[in-house]
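Enquirer: Prediction below, plus the sequence it came from.
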Amino acid sequence: MGMGSSALPSSETPAWWVVCLCAQWCGTCREYQGVFEELARAWPQVRFEWVDVEDEEEAVGDVDVETFPTILIADGQVARFLGPVLPQAQVLGRMLQAMQGDSRTPAADTQAQALFQRIAASR
């Protein structure tokens, strides 16, 4: 795959993931979907995934999503953030920038890690 291209081997630079946990019935989520798609275009090197908590109950598992949108950010291997985010493009953009720029960002909790692994596996 991609032999001879000048891109770095993916093993060195795992792609960051931004996963939005939402629900179809949630008006805020429907509005946020456009913002999320805009961000995905602005960050082509980051993998953006939209997860409907009701369609994908198995992937979401026992994570209690109380506030929409809830965002999971992972550096490709380690979940770095899981929690509700204001539904504004610049909020998520700033978080991504800060986390990518700081390798010392602590890992999120084991629940977030397990969630990331389930979602990654379901993709």
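Expert: Received, thanks. Residues are numbered from 1 along each chain as shown.
Enquirer: Tell me the bridge partners for the residue nearest the centre of the chain.
Expert: The residue lying closest to the centre of the chain (C-alpha atoms, centre = their mean) is Val18, at 1.7 Å. Legend: beta-bridge partners of Val18 under DSSP bridges are Phe48, Ile73.
Enquirer: Any stretches of the protein with poor pLDDT?
Expert: 1-13 (pLDDT under 70).
Enquirer: can you map out the helices along it?
Expert: Assignment of helices within the chain using DSSP state H yields the ranges 27-42, 57-60, 89-101, 110-122.
Enquirer: The residue nearest to the centre of the chain touches Phe48, doesn't it?
Expert: Yes: judged on C-beta atoms under 8 Å, Val18 makes contact with Phe48 at a distance of 5.1 Å. Placement of C-beta: from N, CA and C, glycine included.
Enquirer: overlap in contacts of the two?
Expert: 39-40 (C-beta atoms under 8 Å, 6 or more residues apart in numbering).
Enquirer: any idea what sits nearest Ala59, other than its immediate chain neighbours?
Expert: Excluding the flanking residues, the one nearest Ala59 by C-beta to C-beta, 6 or more residues apart in numbering is Ser122, at 4.3 Å.
Enquirer: That should have said Ala89, apologies.
Expert: Using C-beta to C-beta, 6+ apart and skipping the chain neighbours, the partner closest in space to Ala89 is Val35 (4.8 Å).
Enquirer: and what of Ala107?
Expert: Counting by C-beta to C-beta, 6+ apart, the residue nearest Ala107 is Val78, at 4.8 Å.
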